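# okay, predicted coordinates and the sequence, questions at the end:
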Amino acid sequence: MAKVLPYYAPGSLSAAYYDRITAADPTLVGDEQAYAGLAPPEGSILELGAGSGRLTAALAARGHDVLGVDISPVMLAQGHARLAALAPGIRARARLVRGDMTALDLKRTFDLVICPFFTLAHVPGGAAWRNTFATAARHLGHGGLAAFHLPKSGIMRLPGPPDASRPVLQLAIEDGRRLLLFVRERSFREDIGRLDQVIEYAIADAAGRVVRRSAERLTYWWTDPEPPAAAAGLTRDRDPIELGGVGEIRVFRKA
Ligand SMILES: C[S@@+](CC[C@H](N)C(=O)[O-])C[C@H]1O[C@@H](n2cnc3c(N)ncnc32)[C@H](O)[C@@H]1O
């Protein structure tokens, strides 16, 4: 197999086609509305792991002031291009900066902190989760809300597809080409709550020939979010908001 890149790395197809893939992902339907419903009208939002600005731009278009933070320069480059294309009035409410959500201090507070689409699960379930909840708490005033979209724990334990040579997704892309996604490896370590996957992206031309491949490692971590949230002074605010059968938004309030 080709060299395995980290997800969102320079040259990765996960980053290059991130927007196409998320737009086709039924498990994300409703997340924008859910976050908008947690913020006061025109309220300020800090997005941890903002990626290519999918939600940063959408929430700014709904009237919120949104600051998105992400660690990946490749994702941020796409996000800056997205923001640059917005109408000036919306553009003025959206900003993206590079930063690490496990060690962030912007010296200001927001009405809502969000950590969408399994971003918390990208970092290990011990100190990194505690530090991310501390980041959320540091950027909220008393009574402020923090929303973390996490995979359901049972999803992490599912085996890979029965036939790893069959794509789990096919998308039409430019020039009659298709993007194919394969899950080549998938294993979960119960003792440390770690899911390792090797995802292979392939681009096939109109004649079906593979013209480019990118094998990428995607690791997710899962642990009960309530203890690290409580350690940061955040308590469960309401029942989880279900998303697409595989994930849920856990909402916490700063005391
Ligand atoms: C699944 S994407 C979510 C992007 C966007 N929020 C969305 O919903 O489309 C996860 C993002 O988290 C970012 N990320 C991972 N670890 C991070 C960290 N420690 N600090 C900031 N961003 C991080 C990745 O670079 C990636 O862009």
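Good, I have the coordinates.
# and the helices in the stretch 101-250 of the chain, which stretches?
Secondary structure of the stretch 101-250 of the chain (DSSP state H, counting those that start in this stretch): helices at 127-138, 153-156, 226-231.
# just those helices: most buried one?
helix 127-138 (a mean of 21; mean count of other C-beta atoms under 10 Å). Every residue, glycine included, has its C-beta placed from N, CA and C.
# which residues sit against that one?
Residues outside helix 127-138 that contact it (C-beta atoms under 8 Å, 6 or more residues apart in numbering): 48, 101-105, 113, 115, 120, 123, 146, 148, 221, 223, 225, 228-229, 231-234, 252, 254.
# which of those residues are buried?
48, 101-102, 104, 113, 115, 120, 123, 146, 148, 221, 223, 225, 228-229, 232-234, 252, 254 (16 or more other C-beta atoms under 10 Å).
# the residues you listed also near the ligand: which ones?
Among the buried ones among the contacts of helix 127-138, the ones lying near the ligand by C-beta under 6 Å from any ligand atom are 101-102, 123.
# put together CSV for these, with pLDDT on each row.
Formatted as CSV, these follow (pLDDT from 0 to 100):
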residue, pLDDT
M101, 98
T102, 98
V123, 97
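# need those in TSV with distance to R186, can you?
Listed next are these as TSV, based on distance: C-beta to C-beta, whole Å:
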residue	distance to R186
M101	25
T102	25
V123	19
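# and which of these is nearest to the ligand?
Set against the ligand, the nearest of these by C-beta to the nearest ligand atom is M101 (3.7 Å).
# hmm, the closest one is touching G49, no?
Yes - using C-beta atoms under 8 Å, M101 is in contact with G49, at 6.1 Å.
# between the two, which contacts overlap?
Common contact partners of M101 and G49 (C-beta under 8 Å, 6+ apart): 69, 71, 115, 119.
# what residue lies at the spatial centre of the protein?
Residue closest to the mean C-alpha point of the chain, counted by C-alpha atoms, centre = their mean, is F117 at 3.5 Å.
# who's in contact with that residue?
Each residue near F117 by C-beta under 8 Å, 6+ apart is listed here: 22, 28, 31, 49, 51, 149, 247.
# at 10 Å what do you get?
When the contact criterion is C-beta atoms under 10 Å, 6 or more residues apart in numbering, the partners of F117 are 22, 25, 27-28, 31, 49, 51, 54-55, 149-151, 243, 247.
# now narrow the residues you listed to whatever sits close to the ligand.
Those of the contacts of F117 which are also neighbours of the ligand are 22, 49, 51, 54-55, as judged by C-beta under 6 Å from any ligand atom.
# of the residues you listed - the most surrounded one?
Highest neighbour count within those: G51, with 27 neighbours (other C-beta atoms under 10 Å).
# how about it, nearest residue that isn't a chain neighbour?
Of all residues not flanking G51 in the chain, M75 sits nearest, at 4.5 Å (C-beta to C-beta, 6 or more residues apart in numbering).
# tell me the SS of the one you found?
helix (DSSP: H, G, I helix; E, B strand; the rest coil).
# interface residues of this structure facing the ligand?
Residues of the chain lying near the ligand (C-beta under 6 Å from any ligand atom): 8, 22, 49-51, 54-55, 69-72, 75, 100-102, 116-119, 122-123.
# what about 5 Å?
8, 49, 51, 54, 70-72, 75, 100-101, 116-117, 119, 122 (C-beta under 5 Å from any ligand atom).
# after the helix or strand of the chain with the lowest mean pLDDT comes which helix or strand?
For the chain, counting by mean pLDDT, DSSP states H and E, strand 4-6 ranks last in confidence among helices and strands (a mean of 86). Sequence-wise, the next helix or strand downstream of strand 4-6 (DSSP states H and E) is helix 13-16.
# now for that next one, which elements pack on it?
Helix 13-16 sits against strand 4-6, helix 73-84, strand 178-189, strand 194-204, strand 210-221, with contacts defined as 3 or more C-beta pairs under 10 Å, 6 or more residues apart in numbering; DSSP states H and E.
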